[in-house]
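> Kindly return the folded structure for what I paste below:
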Amino acid sequence: MTHSPLLHEHFADPPREFGVIPFWFWNDDLDETELLRQLREFYDNGFGGVLIHPRIGLSRRVGYLTDEFFRLVRIVVEEAARLDMKVVLYDEGSYPSGSAQGRVVAEDPAYAQRCLIARQTTVHGPATGFWHPNPGRALNDELLCAVMGRLVAPDTLDPDSLTLLEIHEPELVRYAVPAGEWRLVALWHVYSGGTIRGVFAEEEDQQATAPPAGDILNPAAVVSFLRHTHDQYYAHLQDHFGSTIVALFTDEPMVLGRGVRRGPEPWPFTP
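Below you'll find the predicted structure:
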């Protein structure tokens, strides 16, 4: 193995370009004087850059993706460039990514996160009749299909017995089962009710005003998200992309969002 004195030297005392890039929480009523003070403190302690992370506590005066927000980001980026530090941008107002602090769903309510849920019932045959498996949640819940299968053990169906059932309006499932114990299963395409953590105090988890999660399995919703976030960052800071700005950080994408609806266990789904 070839010994490299320079490699040994850099490992023992890394240059700033290899320095740590910490998450820098923006969670207060920020002003440029305080932001520049903190950035220079990062610099004085050997950090290689910063990752600007808007999150719970950010003031409404500053806001998220506002003119004032971008003005402050530019001031920080320009000072980082002067100090030869790197900047990583964070692409959400808290997390998980994909909502743009609710802007995606505000643009089109159909961009809200969706999922599958299953409604089940057991029928003892022989029997015929109708089953109404509506989850009773919302008029825009969509019944995709219904099947029946013979139970051979608790929660175990005979795969050879699986049969697609007829669906009649209004969401009535017709069944005719032979002798034995049968499980009827209806699959619904529904809004998950998932949210993200926003940036204002009233947008925390479990709050009624928490921003709705965008459907990251819907290409149109993802295009909307990129337009509201990545494109806006580029429009305001393109002269620093590829130099001072080295990356955008996407955090914890969740296909159901946080705090999903109660009821049957939901599954991610895209049509």
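
> part of a helix, is Ala176?
No: if the criterion is DSSP: H, G, I helix; E, B strand; the rest coil, then Ala176 is strand and not within a helix.

> the longest helix in this structure is where?
In the chain, taking DSSP state H as the definition, the longest helix is helix 67-82.

> Name the surrounding residues that touch it.
Applying C-beta atoms under 8 Å, 6 or more residues apart in numbering, the contact partners of helix 67-82 are 30, 32, 35-36, 39-40, 49-50, 52, 54, 61-63, 86-87, 89, 232-233, 236-237, 240, 243-245. Any C-beta I mention is one placed from the backbone N, CA and C, and that applies to glycine too.

> repeat that with 6 Å
For helix 67-82, contacts defined as C-beta atoms under 6 Å, 6 or more residues apart in numbering pick out 32, 35-36, 39, 62-63, 87, 236, 240, 244.

> what does stretch 41-51 give?
16, 19-21, 23-24, 83, 85-88, 249.

> re earlier: how much does the helix or strand following the longest helix of the chain deviate in direction from helix 67-82?
Sequence-wise, the next helix or strand downstream of helix 67-82 (DSSP states H and E) is strand 86-90. Counting by axes from the mean of the first three to the mean of the last three C-alpha atoms, to 10 degrees, strand 86-90 lies at 150 degrees to helix 67-82.

> what's near enough to touch the closest residue to Pro212 other than its chain neighbours?
What sits nearest to Pro212 in space, not counting adjacent residues and going by C-beta to C-beta, 6 or more residues apart in numbering, is Val105, at 4.3 Å. Counting by C-beta under 6 Å, 6+ apart, Val105 touches 111-112, 212.

> Now with 10 Å, please.
Contacts of Val105 were listed using C-beta atoms under 10 Å, 6 or more residues apart in numbering, and they are 99, 111-113, 191, 195, 211-215, 221, 224.

> Sitting in helices, which of the contacts of helix 67-82 do you find?
32, 35-36, 39, 236.

> List buried residues within those residues.
35, 39, 236 (16 or more other C-beta atoms under 10 Å).

> picking up where we left off before, any chance of the ones in helices among the contacts of helix 67-82 in TSV, with distance to Thr122 and pLDDT too?
Formatted as TSV, the ones in helices among the contacts of helix 67-82 follow (distance: C-beta to C-beta, whole Å; pLDDT from 0 to 100):
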residue	distance to Thr122	pLDDT
Glu32	65	96
Leu35	61	98
Leu36	66	99
Leu39	63	98
His236	58	98
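
> Nearest to Pro170 among these?
When the ones in helices among the contacts of helix 67-82 are compared for distance to Pro170 (C-beta to C-beta), His236 comes out closest, at 50.1 Å.

> tell me the pLDDT at the nearest residue in space to that closest one that is not next to it in sequence?
Among residues not flanking His236 along the chain, Phe70 sits closest, at 4.4 Å (C-beta to C-beta, 6+ apart). You'll see Phe70 listed with a pLDDT of 99.

> Phe70 and Val76, how far apart?
11 Å (C-beta to C-beta, to the nearest Å).

> Which one's more surrounded, these two?
Val76 (23 against 16; other C-beta atoms under 10 Å).

> This completes my enquiry, with thanks.
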